[in-house]
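**Student:** I would like to see how this sequence folds:
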Amino acid sequence: MIRRRDQIRLSLQKIGLRKKRAVFSIISVALGVIVVVTVNSLMRGVRDLIIRTGYTEEIDQDIIRVSVDHRHDESPSRKRKQFVTDELLAKFRGWKEVEAVAANINVQPLNVDALAESPRASSRGYTTGVPEALIRRYADAKQLAACGNAIPLVLGERFVKLRYNEKTKKFDLEDPARVQAWLGREVTLRVGDPMAQLERFRFDYEKKQWHRLSEEEIAQRRKSIESSESNEFDKLIHGRTLTLKARVVGFCPGTRLLLPEEPARLCAKWLKQRDALARLRPVETETEYERYGRRTPREGEYTMAIVLLKTGTNPEPVVKRLKDMGFEATTRQNAFESFLKEVDAAMKIVKRIAYAFGGVLLLLACGLLWSTTSRIVSDSRVDIGLFRALGATKSDVRRLFLTETVFLGELGTLAGIFLGWTAAYWISRLVLHIAAGEISDPEGMLMIPRTIFAVDWATCALLLAGAAGVSLLAGLWPANRAANIDPVKALKRE
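**Tutor:** All right, here's what the predicted structure looks like:
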């Protein structure tokens, strides 16, 4: 009987005598493992990176955003509404779960003088007119009462909590006390200001730093904006702006600027009339397309609306009612769930492709292990006969060759795991470098993690256990063949 220690020693000696075949077997196993380990070490981090930099909760938990349903697979049971009308808004207000309803009114371009040195141009936020009930939820009651003739203005937190650091050339999070100092501040609104789109910072992709634009660069961008609009509008009329006084009364999530519904409606009406007067080219007539009717809304019609629910109300019944009427209804929860589903679906596809590729490589490795073990058995017939003559049992011979195969599989798996970790680490650095180059949002830069590489010990343990099992299967038939060799014939042939 061969002792376990001698079996291991003999197996290692046999692997050493057939280095080329052993190396090929180890490499074949390692290639498949590298693919699986690399993908598994990155998927969770990549998902987290996408969610952190690609989604911001800018919808209040009690808000439903109603929009026209543009889906082309309408079912006969669902009646589609072309636009949200004043009559429908009045109907929504009558529902017991609803606190307030307003059409979604965007006022752009709009410049806030106090945000001129903001990391992002103010027009990049959603300057929206909302019900006063929603303004009160975000606003400080004392500041709201002290507005007087000024328009109450709610700023997006991301406008005011970033401070540009001249020394580091980066954006830092502002001190909470300084953010609160914005409350009660009197600011000037310039409605219709084309320079609201003027960016004052740029990102250096090579140095990975943000830089403030020089006065020359700002002047060049201003000239570019003016020239791009000179062909479509009368410059003298279109260049006119409406100056209003506002007071900061509170903060809301994200990059929105919230105005009360009535001032926003008047500003939007003024912009529409100004642009119609300044437009040099004739306005396109309303077009009809397929069965979906008019492309542009008329007076009293809107493409979007805001439904503010009473605090603590379950939005799902209202969402269902709106969808049954033919509208799209978006809440914070279903918007986030929809985003997660898209991300997870993409991750699953990538994982399946990678695992399928790794599986094919591991099947090839299994075949190579079988071939290697068979070759070892053919070359070791005399040794097998000698072992049997010295008292080794069939089980001893079988275990000897199975040990060799398992060693090859485990060595290949360990090599693949360490190489997979190395590949995942460097891919992680590359992905973060690309992400830093693609993200132009200053706060998005702060959201990028240090690494997206993570070691999944459970998967590595499963791979080692799986490699042992696959190696045993690959070497079982050659090992049985070796155990059944007649020792007399093997020694006689020698």
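
**Student:** what is the helix or strand harbouring Glu404 packed up against?
**Tutor:** If you go by DSSP states H and E, Glu404 is part of helix 394-438. If you count contacts as 3 or more Cβ pairs under 8 Å, 6 or more residues apart in numbering; DSSP states H and E, helix 394-438 packs onto helix 4-17, helix 19-54, helix 332-379, helix 381-389, helix 457-483. The C-beta positions use only the backbone N, C-alpha and C, and glycine is treated the same way.

**Student:** gap between the longest one and the chain center?
**Tutor:** In this case it means helix 332-379. Distance of helix 332-379 from the chain centroid (Cα atoms, centre = their mean, to the nearest Å) equals 22 Å.

**Student:** quick one: list the elements packing against it.
**Tutor:** helix 19-54, helix 394-438, helix 457-483.

**Student:** and the ones you listed: which comes nearest Leu266?
**Tutor:** Among the helices and strands packed on helix 332-379, the nearest to Leu266 by Cβ to Cβ is helix 19-54 (35.0 Å).

**Student:** mind checking the pLDDT average for that closest one?
**Tutor:** Mean pLDDT, helix 19-54: 78.

**Student:** what's the next helix or strand after that helix packed up against?
**Tutor:** Following helix 19-54 in sequence order, the next helix or strand is strand 63-68 (DSSP H and E). Strand 63-68 is packed against strand 304-309, helix 316-324, strand 327-330, with contacts defined by 3+ Cβ pairs under 8 Å, 6+ apart.

**Student:** and the second one, how far from the chain's centre?
**Tutor:** Between the centre of helix 316-324 and the centre of its chain there are 28 Å (Cα atoms, centre = their mean).

**Student:** could you pull out the buried residues of that helix?
**Tutor:** For helix 316-324, the neighbour count (16 or more other Cβ atoms under 10 Å) marks 318-319, 322 as buried.

**Student:** from those residues, which is closest to Ala103?
**Tutor:** For those, the nearest to Ala103 is Leu322 (14.7 Å; Cβ to Cβ).

**Student:** give me the pLDDT for that closest one.
**Tutor:** Reported pLDDT for Leu322: 91.

**Student:** burial of the residue nearest to Leu408 when sequence neighbours are not counted, as a residue count?
**Tutor:** Spatial nearest neighbour of Leu408, chain neighbours left out: Ser25 (4.6 Å); criterion: Cβ to Cβ, 6 or more residues apart in numbering. The tally of other residues near Ser25 (other Cβ atoms under 10 Å) stands at 29.

**Student:** how close does Ser25 sit to Val66?
**Tutor:** Distance, Ser25 to Val66, using Cβ to Cβ, to the nearest Å: 63 Å.

**Student:** do Glu261 as well
**Tutor:** Per Cβ to Cβ, Glu261 is found 15 Å from Val66.

**Student:** neighbour count: these two, which is higher?
**Tutor:** Using other Cβ under 10 Å, the more surrounded residue of Glu261 and Val66 is Val66, with 29 against 23.

**Student:** what residues are up against that one?
**Tutor:** 84, 92, 304-307, 322, 327-329 (Cβ atoms under 8 Å, 6 or more residues apart in numbering).

**Student:** pull up the per-residue confidence for it.
**Tutor:** In this model, Val66 is scored at 91, pLDDT.

**Student:** poorly predicted segments of the stretch 301-450 of the chain, please.
**Tutor:** Filtered on pLDDT under 70, the stretch 301-450 of the chain yields the residue ranges 372-401, 436-447.

**Student:** no no, the stretch 151-300 of the chain
**Tutor:** Looking at the stretch 151-300 of the chain by pLDDT under 70, you get 205-206, 208, 283-295.

**Student:** before we move on, what about the stretch 1-150 of the chain?
**Tutor:** The stretch 1-150 of the chain contains residues with pLDDT under 70 at 1-22, 24, 53-58, 69-81, 117-126.

**Student:** if we go to 80?
**Tutor:** The model of the stretch 1-150 of the chain has pLDDT under 80 over residues 1-28, 49-59, 69-82, 116-126.

**Student:** centroid residue for this structure?
**Tutor:** When Cα atoms, centre = their mean is applied to the chain, the residue found nearest the centroid is Ile50 (2.1 Å).

**Student:** burial measure for the closest residue to that one other than its chain neighbours, as a count.
**Tutor:** Nearest-residue entry for Ile50: Val343, 5.4 Å, with adjacent residues in sequence omitted and distances by Cβ to Cβ, 6+ apart. As a burial measure, Val343 scores 17 neighbours (other Cβ under 10 Å).

**Student:** from what I can see Val343 touches Asp48, true?
**Tutor:** No: under the criterion of Cβ atoms under 8 Å, Val343 is not in contact with Asp48, lying 9.9 Å apart.

**Student:** in the stretch 101-250 of the chain, which spans are helices?
**Tutor:** Using DSSP state H, counting those that start in this stretch, the helices of the stretch 101-250 of the chain run over 132-138, 141-145, 157-160, 176-180, 215-230, 235-238.

**Student:** quick one: closest of these to Leu430.
**Tutor:** helix 157-160 (27.7 Å).

**Student:** tell me what that closest one is packed against?
**Tutor:** Helix 157-160 packs on strand 242-252, going by 3+ Cβ pairs under 8 Å, 6+ apart.

**Student:** contacts made by the next helix or strand after the strand it packs on with the rest, please.
**Tutor:** On the C-terminal side of strand 242-252, the nearest following helix or strand under DSSP H and E is strand 257-260. With Cβ under 8 Å, 6+ apart as the test, strand 257-260 has contacts from 107, 110, 112, 122, 125-130, 132, 134-135, 138, 151-156, 159, 246, 252, 267.

**Student:** now, those residues that are in strands?
**Tutor:** 110, 112, 127-130, 151-156, 246, 252 (DSSP state E).

**Student:** could I get those residues as a markdown table with neighbour count and distance to Trp426?
**Tutor:** Formatted as a markdown table, the ones in strands among the contacts of strand 257-260 follow (neighbours: other Cβ atoms under 10 Å; distance: Cβ to Cβ, whole Å):
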| residue | neighbour count | distance to Trp426 |
| --- | --- | --- |
| Leu110 | 24 | 45 |
| Val112 | 23 | 44 |
| Thr127 | 28 | 43 |
| Thr128 | 22 | 44 |
| Gly129 | 23 | 49 |
| Val130 | 25 | 47 |
| Ile151 | 18 | 53 |
| Pro152 | 23 | 52 |
| Leu153 | 27 | 47 |
| Val154 | 24 | 45 |
| Leu155 | 30 | 41 |
| Gly156 | 24 | 37 |
| Ala246 | 22 | 50 |
| Cys252 | 24 | 41 |
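
**Student:** now do the contacts for Gly32.
**Tutor:** Gly32 neighbours (Cβ under 8 Å, 6+ apart): 358-362, 364-365, 416.

**Student:** check Thr38 too.
**Tutor:** Neighbouring residues of Thr38 by Cβ under 8 Å, 6+ apart: 354, 420, 423-424, 427.

**Student:** ok, now how distant is the closest residue to Leu322 other than its chain neighbours from Ile64?
**Tutor:** In this structure, Leu322 finds its nearest non-sequential neighbour in Ala329, 4.1 Å apart by Cβ to Cβ, 6+ apart. Separation of Ala329 from Ile64 (Cβ to Cβ) stands at 5 Å.

**Student:** and if you look at Phe327?
**Tutor:** 10 Å.

**Student:** just give me the neighbour total for Pro109.
**Tutor:** Neighbours of Pro109 (other Cβ under 10 Å): 20.
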